[in-house]
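J.: can you look at this prediction? I've put the sequence above it.
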There are 2 protein chains.
Amino acid sequence: MIGQIVDTNSAWLGNELTLLGIDVKRILSIPDKEADIHKALDLARLDSDLILMTGGLGPTKDDITKKALAAYVGSEFYFDQPLADRIAAFFERRGIPFLEAHRQQCYMPRAATSLKNEMGTAPGMLFQKDGKLLLSMPGVPYEMKWIFSNSFLPELAKLRKPDSHIYHRTIKTVGMGESRIAESIHDILDTFPPYITMSFLPSLGSVKLRLTAKHAEDKSAEVESLVIKIAEKIPKLIYGYDFTTIGEALRDVFVEKNLKLSTAESCTGGYLAHQLTTVPGSSKFYHGSIIAYDYAPKKSLLGVSPATLENHGAVSEETVKEMLSGVLEKFGTDLGVAISGIAGPGGGMPDKPVGTIWMAYGTKEDIRTYKLQLTKDRLKNIQYTSMAAMNALRKFVLGF
Amino acid sequence: MIGQIVDTNSAWLGNELTLLGIDVKRILSIPDKEADIHKALDLARLDSDLILMTGGLGPTKDDITKKALAAYVGSEFYFDQPLADRIAAFFERRGIPFLEAHRQQCYMPRAATSLKNEMGTAPGMLFQKDGKLLLSMPGVPYEMKWIFSNSFLPELAKLRKPDSHIYHRTIKTVGMGESRIAESIHDILDTFPPYITMSFLPSLGSVKLRLTAKHAEDKSAEVESLVIKIAEKIPKLIYGYDFTTIGEALRDVFVEKNLKLSTAESCTGGYLAHQLTTVPGSSKFYHGSIIAYDYAPKKSLLGVSPATLENHGAVSEETVKEMLSGVLEKFGTDLGVAISGIAGPGGGMPDKPVGTIWMAYGTKEDIRTYKLQLTKDRLKNIQYTSMAAMNALRKFVLGF
């Protein structure tokens, strides 16, 4: 509520529920106050069969969810001795003392089915009230995810009958804005039947096109044929489908051709390397990076000549070309990319305003360069540049 | 709703509103459907004076917020010619064609005060209904933030009278869990008056303690004296206050002593460098990194001996020590840190399970090492390790 924490749990749960064919009616964040919790539950029960709650199960004073829930369903507490034993053993292995606050966490509402949490001390709690399911989980993301997937889904499967067919497909594009894409595929969109909808989901430098079919019968084949028609209109923009990231798309083209990659970063400061090493299997094609955040390592590690830096500056076509040559030589990889720019917010000059970013990419024999003129938002510039670098490399290898 | 996007807007707005002394009653995410939008507005108006909305103002079919709002307040549309001229000029400068979808965005509800958006095409819209303020902004974070700060806050200042005094102070700690901190400062917590509250906000490897005073009179001095008492109990755990990050704390100790830092990363793959270069003014102490994601650059760039890699493996105390020596030599900095581990999810071995991470840090003369045994969650391991590395360096320089 006060902006200290970004809620990533809701998006994760939204995705899981969508894949299960469960419509999310509402995501609600409220303060840790009993009256607010009760009001939120009243609201949710009006139109929802399943209510998921996260947070407020910790050992400190402001963790009141368990108490509020027990009051809501009218339940007493009991001391869960096996839980206390499990936590004590867990703490002993890690050398953490078992405190009174932890003992308090072992009082559980009688009305709840306790759901195992192998990632932490607070179990999930599953209540049933007036035909509605109510699940309370800790707010720590990896604990919540573990309980949802391992302890809750098996319980849900016992209770639930599937209803209508839902089918999703997401086309992932990079390199064109949503309005222009919409105009390019306008004629296809006009042929959509009422039970198939499409959403444009733009984010930095990329646009996702999400098709959804909802029908009493399975309409997946119809969605797939629309996806093919769209792909034929904008083939070079599409780097993948569904959960494929641009990094995974890049990995696939590199691995298929058995090519190796290294990078040299200045203003992006390791963000591109981080994005690349987040890709599962990245070690199959990515060898590493030299991050030269200062003049000295640009010269000593990447071999940029002092004359180039003096005559053209660190943010220049000439410098990124020499950075690229340097990193290709040091790592001995087939391809590379080198980036130098003014990510902001400070550091702009009259001829090189904030957001000026130079990139060189390619092989020893075929070095291409590319200048971006971005915004004043540092993180956005870094993220956009990293995306653009991956797309430039993807297109280079594919010959686009 | 379906988990494709994590909502970062609400946390940003929650923080801005909290700083303005405005209580956030509720954060609500709903589908792009007119009935849901109207229901959400009905709910918000019951207990809130100010309603902020983001999203649904783009040029595509599923962007229905403007229409839904106009219907809600009973307003007609007019064509905003100056807006159309401004967008056309903006697009011309960037070489983007002005499409029919963009023209449609220039129809504005008569009841709305249009709020300038210098970051994009859709203006903010401010409505007043039955004494409540209703602000609609685009969902793109940098557009929303620009409108809120530059166009909305001046309007709000004209309308608002300050009510009670609110004072916040956040103590930022690293290195101990929330239960143990709570126990350490238990006697101080017991002396809190009813109008001062404290929340524990744990995140990976760190815990924030947020004190809030709410009173008809200014109680900031009382909060400050409690903060001092807490700081005296746990001095080594505290790296800063309020919005200070661990990276900024590290920068301050390095800059104060005029020390320079370089890093060598393997399993964290650039995340530490990214975190360090996100710190404003990082170029004053941070020179860069060698990211050796493969065996070859560990040898050729960092000078790890083949014998060490063969006898002890890449994830070993011996390897990180040699990586550290190598990076200190290459960059010529006073201090460095080197990391090698198995971040997961794959790659574990019987004697080195997933989550085994070795770190070496210090100077050429004083190399210290540190082994972490973390979880199976790759990103969490990388984030925790990066935090731990910054804290190890901070403590090294401070002599803790």
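T.: The structure has been received and is ready for your questions.
J.: show me how far stretch A:237-244 is from its chain's centre.
T.: 14 Å (C-alpha atoms, centre = their mean, to the nearest Å).
J.: is chain B within reach of that stretch?
T.: No. Stretch A:237-244 stays clear of chain B (C-beta under 8 Å from any C-beta of the partner chain), getting no nearer than 9.6 Å. Bear in mind the C-beta positions are built from the backbone N, C-alpha and C, glycine included.
J.: rounded mean pLDDT for that stretch, please.
T.: Averaging pLDDT along stretch A:237-244 yields 93.
J.: which residues touch that stretch?
T.: Stretch A:237-244 is contacted by residues A:168-176, A:181, A:227, A:231, A:246, A:248-249, A:391, A:394 when judged by C-beta atoms under 8 Å, 6 or more residues apart in numbering or on different chains.
J.: number of residues surrounding residue A:329?
T.: By other C-beta atoms under 10 Å in any protein chain shown, the residues close to residue A:329 number 14.
J.: swap in residue A:90?
T.: Using other C-beta under 10 Å, residue A:90 has 14 other residues around it.
J.: residue of the stretch 301-400 of chain A closest to chain B, please.
T.: Residue of the stretch 301-400 of chain A nearest chain B, by C-beta to the nearest C-beta: residue A:377 (5.1 Å).
J.: pretty sure that residue is touching residue A:354, no?
T.: No. Residue A:377 is beyond contact range of residue A:354, at 9.3 Å (criterion: C-beta atoms under 8 Å).
J.: what touches both of these two?
T.: Common contacts of residue A:377 and residue A:354, defined by C-beta under 8 Å, 6+ apart, comprise A:344-345.
J.: also near chain B: which of the contacts of stretch A:237-244, exactly?
T.: Residues of the contacts of stretch A:237-244 in contact with chain B (C-beta under 8 Å from any C-beta): A:168, A:170.
J.: excluding sequence neighbours, find me the nearest residue to residue A:213.
T.: residue A:219 (4.0 Å; C-beta to C-beta, 6 or more residues apart in numbering or on different chains).
J.: same check on residue A:234?
T.: Leaving out its chain neighbours, the residue that sits closest to residue A:234 by C-beta to C-beta, 6+ apart is residue A:184, at 5.8 Å.
J.: count the residues that sit near the one you found.
T.: Using other C-beta under 10 Å, residue A:184 has 14 other residues around it.
J.: residue A:165: what's it in contact with?
T.: Shown in contact with residue A:165 (C-beta under 8 Å, 6+ apart): A:21, A:213-220.
J.: now do residue A:263
T.: If you count contacts by C-beta under 8 Å, 6+ apart, residue A:263 has them with A:272-273, A:276, A:288-290, A:327, A:336-339, A:389.
J.: in three-state terms, label residue A:197 for me.
T.: Three-state call for residue A:197 (DSSP: H, G, I helix; E, B strand; the rest coil): strand.
J.: kindly report the same for residue A:156.
T.: Under three-state DSSP, the three-state class of residue A:156 is helix.
J.: and the closest residue to residue A:380 other than its chain neighbours, how many neighbours does it have?
T.: Of all residues not flanking residue A:380 in the chain, residue B:142 sits nearest, at 5.9 Å (C-beta to C-beta, 6+ apart). For residue B:142, the neighbour count with other C-beta under 10 Å is 16.
J.: what do you get for the one 4 residues further on?
T.: When neighbours are defined as other C-beta under 10 Å, residue B:146 has 23 of them.
J.: that one contacts residue B:119, doesn't it?
T.: Yes. Judged on C-beta under 8 Å, residue B:146 makes contact with residue B:119 at a distance of 4.4 Å.
J.: tell me the pLDDT at the residue lying farthest from the centre of chain A?
T.: For chain A, the largest distance from the centre (C-alpha atoms, centre = their mean) belongs to residue A:307, which lies 42.2 Å off. If you check residue A:307, the pLDDT there is 96.
J.: one more: residue A:333?
T.: pLDDT, read off for residue A:333, is 97.
J.: go on, residue A:150?
T.: pLDDT, read off for residue A:150, is 94.
J.: what distance do you get for it to chain B?
T.: 13 Å (C-beta to the nearest C-beta, to the nearest Å).
J.: what values do phi and psi take at that residue?
T.: phi -100, psi -30 (degrees, to the nearest 10).
J.: again with residue A:232
T.: For residue A:232, the backbone dihedrals (degrees, to the nearest 10) come out as phi -70, psi -30.
J.: report the separation between it and residue B:315.
T.: Distance, residue A:232 to residue B:315, by C-beta to C-beta, to the nearest Å: 47 Å.
J.: neighbour count for these two, which is higher?
T.: Between residue A:232 and residue B:315, counted using other C-beta under 10 Å, the more crowded position is residue B:315 (21 against 10).
J.: what residues are up against that one?
T.: Counting by C-beta under 8 Å, 6+ apart, residue B:315 touches B:267, B:340-342, B:352, B:356-358.
J.: tell me the domain boundaries of chain A?
T.: Chain A breaks down by automatic domain parsing into domains covering A:9-159, A:165-241, A:246-398.
J.: what about the longest one, distance to the chain center?
T.: Going back to what we said before, that points to domain A:246-398. The chain centre lies 23 Å from the centre of domain A:246-398; the measure is C-alpha atoms, centre = their mean.
J.: end-to-end on that domain?
T.: Terminal residues of domain A:246-398 lie 14 Å apart, using C-alpha to C-alpha, to the nearest Å.
J.: what's the answer for the second one, then?
T.: The straight-line separation of the ends of domain A:165-241 (C-alpha to C-alpha) is 20 Å.
J.: residue ranges with poor pLDDT in chain A?
T.: Filtered on pLDDT under 70, chain A yields the residue ranges A:94, A:160-164.
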